[in-house]
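K.L.:
okay, sequence plus prediction incoming.
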Amino acid sequence: MSRPVIILNLKSYKEVFGEEGLKVLSIIEEVADKFPQVIFAVAPNITCLSEFVKSRRKVRIYSQHADPFPMGAYTGHIPLEAIKLLGADGTLINHSERPVSIKTVSSIVEQARHLAIEVIACGGDIKEISKIASLKPNYVAFEPPELIGTGISVSKARPEELKASVAIIVEQSESRSIPICGAGISSGEDVKLALEYGARGVLIASAFVKARNKKEKLTEFALAAESAVY
């Protein structure tokens, strides 16, 4: 059984910029040290990506977005090659707050393979998940946009859809993509259910960033994820 993954999307919350952001990274690293059976990853805002890469020890670092353009005359875009040069492990793509076309996802996946970095591709419904999984990114995240930030987890509110998404990801990717889920994941129980339903990881944002005690909350998630290993 592959190690479960906890991916923390820091979005653009003010709590995770500058020195405060690096303190958050330190918390993640501290928890990661205690749970070697769990993969920890974080996606900071692009303006913080370089500092996070320089400061990390074992945590994987992903960009929140990338554009399907080479380095060159592309003002305002984020070339995937630049993310690679910064030392990041890969990128998120097609999050509901930064949606792109399937054609763009395909281009990013193809470029990432060439650059030997990873892609976490998000989909909001079963139809989109099927199209994305056929592209075989490293991870496919089922994340219904209407549940994001609500505190109502997909693993509790949409268990049958979650199970269906896992089956589709495995089938369409020929087992090359790792199924994960997000949207409303707020507790260890949410994580536990997601893994019981076949996901191999979770994508979490506000429940971690907005937690009064981030170390305690992340430990709760990690304990639930670790329990799936044994």
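P.N.:
Here it is on my side, so go on.

K.L.:
CA only for contacts and neighbour counts going forward, please
P.N.:
Will do.

K.L.:
give me the contacts around the host helix or strand of residue 107.
P.N.:
Under the criterion DSSP states H and E, the helix or strand holding residue 107 is helix 102-115. Contacts to helix 102-115, defined as C-alpha atoms under 8 Å, 6 or more residues apart in numbering, come from residues 66-68, 80-81, 84, 90, 93-94, 118-119, 121, 131-132, 135-137.

K.L.:
who's in contact with the residue lying closest to residue 49 once chain neighbours are set aside?
P.N.:
Nearest residue to residue 49, sequence neighbours excluded (C-alpha to C-alpha, 6 or more residues apart in numbering): residue 63, at 6.8 Å. By C-alpha under 8 Å, 6+ apart, the contact list for residue 63 reads 43-46, 49, 83, 88, 90-92.

K.L.:
quick revisit: chain center to the helix holding residue 107: distance?
P.N.:
Remark: helix 102-115 is offset 17 Å from the chain centroid, using C-alpha atoms, centre = their mean, to the nearest Å.

K.L.:
and the lengthiest helix in the chain, what's buried?
P.N.:
Criterion DSSP state H: the longest helix present in the chain is helix 18-34. For helix 18-34, the neighbour count (16 or more other C-alpha atoms under 10 Å) marks 21-22, 24-26, 28-29, 31-32 as buried.

K.L.:
let me know the closest of the residues you listed to residue 57.
P.N.:
residue 29 (7.1 Å; C-alpha to C-alpha).
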